[in-house]
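> model this:
(chains A and B)
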Amino acid sequence: MAKSITVDDLDIYYGDFLAVQGVSMTVKARSVTAFIGPSGCGKSTFLRSLNRMHEVIPGARVEGKVMVDGQSLYDSAVDPVAVRRQIGMVFQRPNPFPTMSIYDNVLAGNRLNSKKMKKAEADDIVERSLKGANLWNEVKDRLGKPGMGLSGGQQQRLCIARAIAVEPQVLLMDEPCSALDPISTSAIEDLIHELKSEYTIVIVTHNMQQAARVSDETGFFNLKAAGQPGHLVEFNSTQKMFANPDNEATEAYISGRFG
Amino acid sequence: MATTVVAEDTARARSRLGDRVFSRLALSAGIAILAALAAVFIFLAIEGIPGLAKPAEFYGDASNFWGYVAPLLFGTVLAAIIALIVAVPLSWGIALVVSHYAPKRVATPIAYVIDLLAAVPSVVFGLWGISVLAPRLTPAYAWLDENAGWVPFFAGPASTTGRTILTAGIVLAIMIIPIITAISREVFAQTPRLHEEAALALGATRWEMLRLAVFPYARSGMVSAVMLGLGRALGETMAVAMVLSAGGGISFNLISSTNPASIASNIASNYKEGTPGKIQVLIATGLVLFLVTFLVNFAARWVVQRSERRLAR
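Got it, this is the predicted structure:
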């Protein structure tokens, strides 16, 4: 189920503006890969290019290759809708559908993918996904209540449950903890550790301790200079990145001497 | 010490001139609207209530006021419902194209043209309805009479002028499309990006994204838009007075020339040559229209609020 991603010399444009330039990396299956870097360096843009979500913005396009287990994502025959069904995403701020119950939120993706589901089957998916997101015990008695009634951390775990309910091959997380308090953050981080055994996870984070805690490999993005496109400075195992990075800029950023 | 500082601060805040002026202005604007509404109601009540119980000769063919106003009310509501049935799907469709489907350089001119449509005076729509639309529709009515005559709506005999309640409804529909479109477009465009992306990231197509994220968010605004359109359709005078050749009583037959006028158009056609007694009757029908419009709006708000409370729970 989990798949690896190979990116080869990827340039990402918004119209004529080159946002990210020349990224190449391999994201291993069943591992956590973190992207760090200053704001505006293109790490979120790059993450969103992995499931073609950046195309939501008119004029966005890429040059280069993204391969998921040998299948090119940007092949002209590939439907972006199909890509997003395979590669799930969790956003910065929790975004459960406000008009839906917890139960319906979890099933939203499944209902898109297959028209009719038996009640037992649906119940099963809801329970499995909520358990997978460590939320089952907190909400099992109020599945019919609106998802918006939960706390921020619970909402974010509901969004993770919604994303894994369709059993994606890859799970992308765009600063999933940046709107959460430390306890909720810790719950999500524990969850990422557990999900790693089944999913390929790519996470963008502003919190370097978080990158160090949850990830196996880390990529550091930076701008070449103000007004220049973002690029991948270094991509290495997290252990090496935080102990003995190859690149001076990486070390400066990680140790807080940024510049 | 600290308390005096706070006290001074609040004193200064209270005395800020701009805030005070603005708050008074907003308050008086709000009161003015309520006062105007109340004044209209009081006028209609004082002038109209005597019209409720006149001798039978004031009511034409009918024997009392309710017999007089019922066909007019029916005509008003029927024309407005036809207008909504035609206009609402079209307006929502246009609004979606503008807000979510068309590229910006196409969407902006479309939105602009639709807004311009709202500025066309209703007399012009009426003229267009009589001289262009009605003759064009006559063959269609004849066809409907022949082939779909078993449907009560198309029972015929088909009008030879085309000036039927269906034509009036279509003209009304074109008149209310701009307002429904403009408001729907605004609420569609205000859907939080986050909800749209939530749907797209689950692999929703654009239509599925609209269903999952946009419609639930926009629902109350969509209802408001329809209500404003309905209000205009119920009250529209000139276009209906010009297009519809009125006559006859309550009938669901949409394509014959036996349909009642609407309240507003009936007032417009009879006001000038009315005697004081007759005018009181007309104003009483205006009072009925006022109350019906009020009730419809009230009911719609209630429905929207109830559904929103259910969501918030």
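
> hey, where'd the strands end up in chain A?
For chain A, the strands defined by DSSP state E cover A:5-14, A:17-27, A:32-36, A:60-68, A:71-72, A:87-90, A:170-174, A:200-204, A:217-223, A:230-237.

> Tell me which of the ones you listed lies nearest to residue B:201.
Proximity to residue B:201 (CB to CB) singles out strand A:87-90 among these, at 3.9 Å. In this view, the C-beta of every residue, glycine as well, is placed from N, C-alpha and C.

> For that closest one, the averaged confidence score.
The average pLDDT for strand A:87-90 rounds to 92.

> What is the burial count for residue 206?
All of this is about chain A. For residue A:206, the neighbour count with other CB atoms under 10 Å in any protein chain shown is 15.

> sorry, should have said chain B
For residue B:206, using other CB under 10 Å, the count is 15.

> which non-adjacent residue is nearest it?
Distance criterion CB to CB, 6 or more residues apart in numbering or on different chains; nearest residue to residue B:206, sequence neighbours excluded, is residue B:100 at 6.9 Å.

> Torsion angles phi and psi at that neighbour?
Note on residue B:100: its backbone torsions stand at phi -130, psi -20 [degrees, to the nearest 10].

> In contact with it, which residues are there?
B:188, B:206, B:210, B:214 (CB atoms under 8 Å, 6 or more residues apart in numbering or on different chains).

> Can you pull the residues of chain A lying near chain B?
Selection of chain A residues close to chain B by CB under 8 Å from any CB of the partner chain yields A:51, A:53, A:56, A:58, A:81-86, A:88-89, A:91, A:93, A:95-100, A:108-109, A:112-113, A:145-146, A:159, A:162-163, A:166.

> Going through those residues, which ones are buried?
A:51, A:53, A:81, A:83-86, A:88-89, A:91, A:93, A:95-100, A:108-109, A:112, A:146, A:159, A:162-163, A:166 (16 or more other CB atoms under 10 Å in any protein chain shown).

> In helices, which of those fall?
Of those, the ones assigned to helices by DSSP state H are A:81, A:83, A:84, A:85, A:86, A:108, A:109, A:112, A:159, A:162, A:163.

> Adding distance to residue A:150, write the residues you listed out as JSON lines.
Converted to JSON lines, those look like this (distance: CB to CB, whole Å):
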{"residue": "A:81", "distance to residue A:150": "28"}
{"residue": "A:83", "distance to residue A:150": "29"}
{"residue": "A:84", "distance to residue A:150": "24"}
{"residue": "A:85", "distance to residue A:150": "25"}
{"residue": "A:86", "distance to residue A:150": "27"}
{"residue": "A:108", "distance to residue A:150": "15"}
{"residue": "A:109", "distance to residue A:150": "18"}
{"residue": "A:112", "distance to residue A:150": "22"}
{"residue": "A:159", "distance to residue A:150": "10"}
{"residue": "A:162", "distance to residue A:150": "12"}
{"residue": "A:163", "distance to residue A:150": "16"}
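
> residue ranges with poor pLDDT in chain B?
B:1-15, B:156, B:248, B:307-313 (pLDDT under 70).

> Around chain A, which positions in it sit nearby?
B:103-104, B:192, B:194-205, B:208, B:212-213, B:216-217, B:311-313.

> Got a PyMOL select line for the buried ones in those?
The PyMOL command for the buried members of the residues of chain B next to chain A (criterion: 16+ other CB under 10 Å) is given here:
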select buried, chain B and resi 195+196+197+198+199+200+201+202+203+204+208+212+213+216+217
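
> Provide a list of residues in contact with residue B:300.
Counting by CB under 8 Å, 6+ apart, residue B:300 touches B:223, B:224, B:226, B:227.

> That one belongs to a helix, doesn't it?
Yes. Residue B:300 forms part of a helix when assessed by DSSP: H, G, I helix; E, B strand; the rest coil.

> now it: how far from residue B:222?
Distance, residue B:300 to residue B:222, using CB to CB, to the nearest Å: 11 Å.

> one step back: so which two of the contacts of residue B:300 are the farthest from each other?
B:224 and B:226 (7.4 Å).

> Which residue is the nearest non-sequential neighbour of the residue in the stretch 51-200 of chain A that chain B sits nearest to?
For the stretch 51-200 of chain A, the residue closest to chain B is residue A:85, as judged by CB to the nearest CB, at 3.2 Å. Closest residue in space to residue A:85, ignoring its immediate chain neighbours: residue B:203 at 3.2 Å, by CB to CB, 6+ apart.

> which residues touch that neighbour?
Per CB under 8 Å, 6+ apart, neighbours of residue B:203: A:81, A:82, A:83, A:84, A:85, A:86, A:109, A:112, A:113, A:166.

> Specify the local secondary structure of the closest residue to chain A within the stretch 101-250 of chain B.
Residue nearest to chain A within the stretch 101-250 of chain B (CB to the nearest CB): residue B:203, separated by 3.2 Å. Assigned with three-state DSSP, residue B:203 falls in the coil class.

> That one and residue A:81: what is the separation?
In terms of CB to CB, residue B:203 sits 5 Å off from residue A:81.

> just to revisit the earlier point, quick one: which of the contacts of residue B:300 is nearest residue B:145?
residue B:226 (30.7 Å).

> element containing the nearest residue to that closest one once chain neighbours are set aside?
Spatial nearest neighbour of residue B:226, excluding adjacent residues (CB to CB, 6+ apart): residue B:88 at 5.8 Å. Per DSSP states H and E, residue B:88 falls inside helix B:65-96.

> What residues of that helix count as buried?
B:65, B:68-69, B:71-80, B:82-84, B:86-88, B:91-92, B:94-96.

> tally of neighbours for residue A:228?
Neighbour tally, residue A:228, other CB under 10 Å: 11.

> Dig out what residue A:230 forms beta bridges with.
As for beta bridges, residue A:230 partners with residue A:20, residue A:223 under DSSP bridges.

> wait, it sits on residue A:47?
No. Residue A:230 is not in contact with residue A:47 according to CB atoms under 8 Å; the separation is 11.9 Å.

> Of the two, which one has the most company?
residue A:230 (25 against 21).

> contacting residues for the residue of the stretch 51-200 of chain A closest to chain B?
Applying CB under 8 Å, 6+ apart, we find residue A:85 in contact with A:109, A:112, A:113, A:166, A:168, B:202, B:203.

> I'd like to know how many residues surround residue B:152.
10.

> How about it, nearest residue that isn't a chain neighbour?
Spatially, and ignoring its direct neighbours in sequence, residue B:152 is nearest to residue B:252 (5.3 Å; CB to CB, 6+ apart).

> how about the one you found, secondary structure?
Per three-state DSSP, the secondary structure class of residue B:252 is coil.

> how close does the one residue sitting closest to the centre of chain B sit to residue B:169?
A centroid search over chain B (CA atoms, centre = their mean) returns residue B:230, at 2.1 Å, as the residue closest to the centre. Computed as CB to CB, the residue B:230 to residue B:169 distance reads 12 Å.
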